[in-house]
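Novice: Fold the stuff below for me.
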Amino acid sequence: MPGGRLTQQERQQIALGLADGLAYAEIARRLDRPTSTITREVMRNGGPTSYRADLAHRATERRAHRRRQAAAQGVEAPPQAYGRDAEAVREYEETFTTVMMASGMPKMMARVMACLTLTDTGSLTASELVQRLQVSPASISKAIAFLESQGLARRERDERRRERYVVDDDIWYQSMMASAKATAQIVEIAQQGVGVLGPGTPAGTRLENVARFLDFVSESTARAAEQARDILYAKAGTPSEDTAEPTPDR
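Specialist: Down below sits the predicted model:
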């Protein structure tokens, strides 16, 4: 199996495969590459609908140039625990960031989110984020403010009274609940619009349909988040139905 970086010709083959609707696994098989390599390449270069071989190749060269500059300036990658491959972790962080951006998150916010998520502690201080991402404190502050507004990060004080920014399991629950609440607000405004524009009018009917659809989505999202937290994050040691002691009538 070939190793090393993808060539420009391979990137052109990836673009052709995507245009033909091929799955990542099939493209990987044709190039004799791991599927993860193709997935990472596509997701950090615009996704399957926007991938372009020439742009992807130039972007890769720019990233390599930045890494060489960082190395020349003595900026070292954070040490990796558990025997992880530092290069694989770095590339995965880029992929994670790209996926967050594809979901609509601004680039710096996505970089901070990825950095926090991929630390074993799930938390970092502002200075640690500045050092890891090589950006200004102002950029970190702005990114954290955005993530907090979306329910995707929270602040806490450590034993040294330093402010830490945290991403943990409960953050995703809080984010989903925040999303459901924001959708419910749109429902309320749409329902008000029905009264203003008139029930039965074309615009009023449109708003009524919007309100009904989003009301269902909001309630379903909140219900699913509650159920997921109850099921997936139940306290350890709580017996499940499958492991409970049998009753005498069984």
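
Novice: In the chain, where is pLDDT below threshold?
Specialist: 1-3, 65-79, 235-250 (pLDDT under 70).

Novice: okay, now the domains of it?
Specialist: Domain assignment of the chain by automatic domain parsing yields the ranges 1-76, 85-167, 169-232.

Novice: all helices for this protein, in order.
Specialist: Remark: helices assigned in the chain by DSSP state H are 8-19, 24-31, 35-43, 53-72, 86-102, 107-117, 126-133, 137-149, 169-197, 202-232.

Novice: Reformat those helices as a markdown table; add distance to Arg157 and mean neighbour count.
Specialist: Placement of C-beta: from N, CA and C, glycine included. Below are those laid out as a markdown table (distance: least, C-beta to C-beta, whole Å; neighbours: other C-beta atoms under 10 Å):
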| stretch | distance to Arg157 | mean neighbour count |
| --- | --- | --- |
| helix 8-19 | 47 | 18 |
| helix 24-31 | 43 | 17 |
| helix 35-43 | 36 | 20 |
| helix 53-72 | 31 | 13 |
| helix 86-102 | 27 | 17 |
| helix 107-117 | 16 | 22 |
| helix 126-133 | 13 | 17 |
| helix 137-149 | 15 | 16 |
| helix 169-197 | 17 | 15 |
| helix 202-232 | 25 | 14 |
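
Novice: Roughly how far does the residue positioned nearest the centre of the chain sit from Lys142?
Specialist: Residue closest to the average C-alpha location in the chain (C-alpha atoms, centre = their mean): Met100, at 3.8 Å. Distance of Met100 to Lys142, given as C-beta to C-beta, to the nearest Å: 16 Å.
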